[in-house]
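Trainee: Sequence and predicted model, in that order:
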Amino acid sequence: MQQTRQPTREQITGLLLAGGRGTRMGGADKGLQTLHGEPLAAHVLKRLAPQTGALLISANRHPDIYAVLGAPFGAKIVADTLPEFPGPLAGLLAGLRAARSEYVLSAPCDTPWLPAELAARLAQSLASNAADIATVTTADADGNVSLHPVFALLRTGLAADLAAFLAAGERKVRAWYARHKTVEVAFTDEHAFYNINSLQELADLDRHRGPG
């Protein structure tokens, strides 16, 4: 099988996706909701920063607050160029266009336990499979596999194709991935990719030190 050189940390820009509507949180800006005294976005940035070179935050609301959160990490704020919060692909497009590196590693703002080896494992698999995109799967105790497509390492050269896909009215992440050589990387710790979907979940978790 053809292989490509594995991306280094400096060749990867981290992209925190915090530009959604927060509909399942009553319209709240999800990344700014607090867990253990810190905004969810701050938890994710602390885990993402050691794995990447530059950092970007995709935020369509409260850019000044996100700029303060991102300042310790040198993160820059980017916003969707498409109206009406069309979904994570719009934030991904903004990140791909803004990145000055060959690769972007994306992660959502509501997953405060993402693994420290996320970038390294995705980079290794992307290179060994000569792929364009590497994303994450996990399996539960019964062996049921879940795809976590918003966790992904992508080539920034895909930006033009993604822009055309969105311009055609398409919005589904998996449908866009299917247009490119995509490899799925199995992680054993499903809790690491646990995403917080409601204010009640957040309140429950705030009384504990981890997911579940």
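Mentor: Structure's in. What do you need?

Trainee: Okay, Q200 and T135: tell me how far apart.
Mentor: 29 Å (C-beta to C-beta, to the nearest Å). For every residue, glycine as well, the C-beta is placed using N, CA and C.

Trainee: Give me the more crowded residue out of the two.
Mentor: T135 (24 against 10; other C-beta atoms under 10 Å).

Trainee: A42 versus the more buried one, what's the distance?
Mentor: 24 Å.

Trainee: any chance you could map the strands in this structure?
Mentor: With strands called from DSSP state E, the chain shows them at 12-17, 34-35, 38-39, 55-58, 76-78, 103-108, 133-139, 145-155, 182-186.

Trainee: so what strands line up beside the last one?
Mentor: Counting by DSSP bridges, the strands paired with strand 182-186 are strand 133-139 (parallel).

Trainee: so what's the spatially most central residue of the chain up against?
Mentor: Central residue of the chain (C-alpha atoms, centre = their mean): A107, 1.6 Å from the mean position. With contact set as C-beta atoms under 8 Å, 6 or more residues apart in numbering, A107 has these partners: G14, L15, L16, L17, V44, L48, L114, L118, V150, F151.

Trainee: picking up where we left off before, generate TSV for the strands of the chain, with distance to A167 and mean pLDDT as supplementary columns.
Mentor: TSV is the format used below for the strands of the chain (distance: least, C-beta to C-beta, whole Å; pLDDT from 0 to 100):
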stretch	distance to A167	mean pLDDT
strand 12-17	20	98
strand 34-35	36	90
strand 38-39	33	94
strand 55-58	18	97
strand 76-78	18	97
strand 103-108	20	97
strand 133-139	20	97
strand 145-155	18	96
strand 182-186	21	98
